[in-house]
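Enquirer: have a look at this prediction, sequence included:
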Amino acid sequence: MDIIQKYDPELVAALKALNGRPLIGWDDLPAARQSMKQSLAAINASTPDSPQVAKEDRTVPGPQGAPAVPIRIYRPVNRVGPLPGGLLWIHGGGYVSGSIEQNDGLMQHTVERVGCVAVSVEYRLAPEHPFPAPLEDCYAVLVWMAEHAASLGIDPARIAIAGSSAGGGLAAGLALLARDRGKVKVAFCVLISPMLDDRDCTASSEVFADTPIWSRQDNRKGWRAFLGDAVARGKVPPYAAAARATNLTNLPPTYIAVSSGEVFLDEDVEYAQRLARAGVPVELHVYPNTFHGWALVAPRAAISQRLLADWNQALERAWNS
């Protein structure tokens, strides 16, 4: 049986709407980025802005010697009482594509549902800006959030970080980096199909090599672009590929979600297991009949809404505990 027949019918319909167009084309990345932006804009066009959420675009100081980092701040409108927390969101795109616009509807929904402040970061993209530039951009925004917590209306001890795909990989690396630098204590971490292991050596990377949206070939190219010459030097730090970390103790409680039919399945499940063995509270969800990025290309599908509800509830539990 063709593997596409095993997917949720709503997801199959979304794939057909893409007409076989890849979200990332490697021959011309600037054009591919623009094409991806247009594809995602078309997907999200039917979702109007929430009247309950205010948006503000601005820049914050970047890493030393680097440009300022663009961000988008989402705040609940007419919220009475203290906010539950602040969320730093990191978009996906294989480290080479994506922008704050692609998850605009997602952030509005989360802010409206949970009542938090969210800050989405426009980090620099590989291969023009390989590791550590994207991660350092995210870290700069995390520090900015903690230092400006009062103006954001949040408690600096209640900042969560979250990301999807490459953004999930950056969030995992950011959790390690924040722990080791000791300047900001992250309260909670959400990893949606995170990109964690550059070594491409799991069974799921073989079994699901040709699945939609993000194939094994895409994965290899994304890692090469992100890591730059770190691979040639034989030195890939755990901040770049969190699966390489040997010490996972003292990381924040973590929620991990992954598709049952994607390249990242094994590495994400193993990472959850290793977190648990290191004494980190971890919640793992494996969603059946899905592929990588299913909630991005089919945000209105029932199983996409289930993912959204699950991690929003995890945030609420973390901030209310």
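Expert: That came through fine. Numbering: from 1, shown residues only.

Enquirer: burial check on residue 304, number of neighbours?
Expert: Neighbour count for residue 304, taken as other Cβ atoms under 10 Å: 22. In short, each C-beta sits where N, CA and C put it, glycine included.

Enquirer: quick one: residues contacting the nearest residue to it once chain neighbours are set aside.
Expert: Leaving out its chain neighbours, the residue that sits closest to residue 304 by Cβ to Cβ, 6 or more residues apart in numbering is residue 295, at 3.9 Å. Residue 295 sits next to 192, 301, 303-304, 307-308 when contact means Cβ atoms under 8 Å, 6 or more residues apart in numbering.

Enquirer: what are the buried residues along the helix or strand encompassing residue 295?
Expert: According to DSSP states H and E, residue 295 maps onto helix 294-297. Neighbour-count burial for helix 294-297 flags 294-297 (criterion: 16 or more other Cβ atoms under 10 Å).

Enquirer: remind me which residues of the stretch 151-300 of the chain are low pLDDT?
Expert: 231-233 (pLDDT under 70).

Enquirer: could you rerun that using 90?
Expert: Scanning the stretch 151-300 of the chain with the threshold set as pLDDT under 90 gives 228-235, 297.

Enquirer: for residue 261, helix, strand, or coil?
Expert: Following DSSP: H, G, I helix; E, B strand; the rest coil, residue 261 is assigned to coil.

Enquirer: please renumber so the chain begins at 794
Expert: I'll keep to 794 as the first residue from here, and by that count the last item is residue 1054.

Enquirer: hang on, isn't it packed against residue 1001?
Expert: Yes - Residue 1054 is within contact range of residue 1001, at 5.6 Å (criterion: Cβ atoms under 8 Å).

Enquirer: mind listing the shared neighbours of those two?
Expert: Residues touching both residue 1054 and residue 1001 by Cβ under 8 Å, 6+ apart: residue 1084.

Enquirer: can you get me a residue count around the residue lying closest to residue 1070 once chain neighbours are set aside?
Expert: Excluding the flanking residues, the one nearest residue 1070 by Cβ to Cβ, 6+ apart is residue 1041, at 8.0 Å. By other Cβ under 10 Å, 22 other residues sit near residue 1041.

Enquirer: equivalent analysis for the one 4 residues further on, please.
Expert: Each residue near residue 1045 was counted by other Cβ under 10 Å, and the total is 20.

Enquirer: residues contacting it?
Expert: Taking Cβ under 8 Å, 6+ apart, we find residue 1045 in contact with 953-954, 968, 978-982, 1073.

Enquirer: helix, strand or coil for it?
Expert: Judged by three-state DSSP, the three-state class of residue 1045 is coil.

Enquirer: ok, back up a step: what distance do you get for the residue nearest to residue 1097 to residue 902?
Expert: Per Cβ to Cβ, to the nearest Å, residue 1088 is found 11 Å from residue 902.

Enquirer: what residues do those two have in common as contacts?
Expert: With Cβ under 8 Å, 6+ apart as the test, residue 1088 and residue 902 both reach residue 1101.

Enquirer: identify, from the buried residues of helix 1087-1090, the entry nearest to residue 804.
Expert: Nearest to residue 804, judged by Cβ to Cβ, of those is residue 1087 at 5.2 Å.

Enquirer: check which helix or strand covers the residue nearest to that closest one when sequence neighbours are not counted.
Expert: Spatial nearest neighbour of residue 1087, chain neighbours left out: residue 804 (5.2 Å); criterion: Cβ to Cβ, 6+ apart. Per DSSP H and E, residue 804 falls inside helix 802-811.

Enquirer: and whatever helix or strand comes next after that helix, what other elements does it pack with?
Expert: Counting by DSSP H and E, the next helix or strand C-terminal to helix 802-811 is helix 822-837. Other helices and strands packing on helix 822-837, by 3 or more Cβ pairs under 8 Å, 6 or more residues apart in numbering; DSSP states H and E, are helix 1087-1090.
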